[in-house]
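>>> predicted model follows, preceded by the sequence.
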Amino acid sequence: MVRAITRNPNKKEIKELKLLGAEIVKADLDNEKTLFDAMKDVYGVFLVTDYWEQMDKDKETEQGKRVADISRILDVKHIVFSGLENVKKLTNGKLDVPHFDGKGELEDYFRELGSPMTSVRMPDYFENFLDIFKPVKSDKGYYVLDIPMEGIPLDGMSVRDLGEVVLAILKNPEEHIGKEIGLSTDKLTIDEYAAIMSKHTGKIIKASKVVEVHGRISLLGFMKTVEIIIGTWKIDVDQEDIRKVMENWTLSSKEISGKIIYQALLLSPLHSSVTGTARAEWGYLIPSNYVQEVIINIQTIQI
């Protein structure tokens, strides 16, 4: 029996789960009593915390720790947690990435408690190609896939495939408890992703091209309005820092050669001067302070 926990049992997706045989229980990560009721007499828990709902790392870790504490009291035998690397810890404080670091801190908390936990670390979602990475039509008539990782493979996986992975882990606790598992079902360059999209949509889709420049930018908040002189910014990071961040990921450090700069914010539309809404692409490189003015090496996308 699968018990599905939700704040809103009336949602269409939840009703569909009920038709498939799931037991539906109303609970809230902020309400301890409802969590006790929801987790009582269960063998295992699959936990997903959501930084993006409130964009508050402390709130996310508070919710996750609440589940960890209750699972220990109720003697839950296996927790599968949708975790990520603690980038701040891995880079000795050089990089501060809230939506990664909170999940990394929760992984550490489960370990400190001695909980029977397995962490699954998702790569880029294929579903992002329908949303934040959706190809943008250029003034030249073709579409541009705005992910400036020119030549560097991007690991990806569909969210739909995660359920079977979690089930397999729960069925084999002796093999997986205590481990962090980086997931990926494919690793392609942006050119290769664009070619696949072109083939199946019948549209001309090209990967964006990157040109290295230098400039001064003003960051006025992450995932908020950004005023920027030059379209897209990136930060130079030591090879060792990248290796630490990626060591448990499916992208091997051996594949990272030379001077690699990962994308931190992606603006749309991309022009030489733009005021727009920032969205995260590679959170590893988001700086500690959300509001700051810096002089850095940046790269602009030429459409």
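Here it is on my side, so go on.

>>> okay, and the helix or strand of the chain with the least pLDDT?
strand 274-280 (a mean of 26; mean pLDDT, DSSP states H and E).

>>> got the contact list for L130?
Contact analysis of L130 by C-beta atoms under 8 Å, 6 or more residues apart in numbering lists nothing. (Each C-beta comes from the backbone N, C-alpha and C, glycine too.)

>>> give me the neighbour count for L35.
By other C-beta atoms under 10 Å, 23 other residues sit near L35.

>>> for I190, same thing?
I190 has 22 neighbouring residues, counting by other C-beta under 10 Å.

>>> tell me the pLDDT of it.
Looking at I190, its pLDDT is 93.

>>> distance of it relative to M197?
10 Å (C-beta to C-beta, to the nearest Å).

>>> list residues touching both of the two?
Counting by C-beta under 8 Å, 6+ apart, the shared contacts of I190 and M197 are L145.

>>> flag the shaky bits of this structure, pLDDT-wise.
For the chain, applying pLDDT under 70 flags the ranges 210-303.

>>> how about the helices in it?
Ranges of helices within the chain are 12-19, 32-39, 57-73, 87-90, 98-113, 162-171, 173-176, 190-201, 239-246, based on DSSP state H.

>>> output these in CSV; the columns should cover distance to T49.
Listed next are those as CSV, based on distance: least, C-beta to C-beta, whole Å:
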stretch, distance to T49
helix 12-19, 19
helix 32-39, 13
helix 57-73, 5
helix 87-90, 16
helix 98-113, 7
helix 162-171, 15
helix 173-176, 20
helix 190-201, 28
helix 239-246, 20
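
>>> nearest to P135, of those?
Distance to P135, taken as C-beta to C-beta, is lowest for helix 190-201 among these, at 6.7 Å.

>>> for that closest one, packing partners?
On a contact count with 3 or more C-beta pairs under 8 Å, 6 or more residues apart in numbering; DSSP states H and E, helix 190-201 meets strand 143-145, strand 154-157, strand 205-207.

>>> just the buried positions in that helix, please.
Applying a neighbour-count criterion of 16 or more other C-beta atoms under 10 Å, one finds I190, Y193, A194, A195, M197, S198 buried in helix 190-201.

>>> repeat for stretch 9-28
Across stretch 9-28, burial judged by 16+ other C-beta under 10 Å covers I14, L17, I24, V25, A27.
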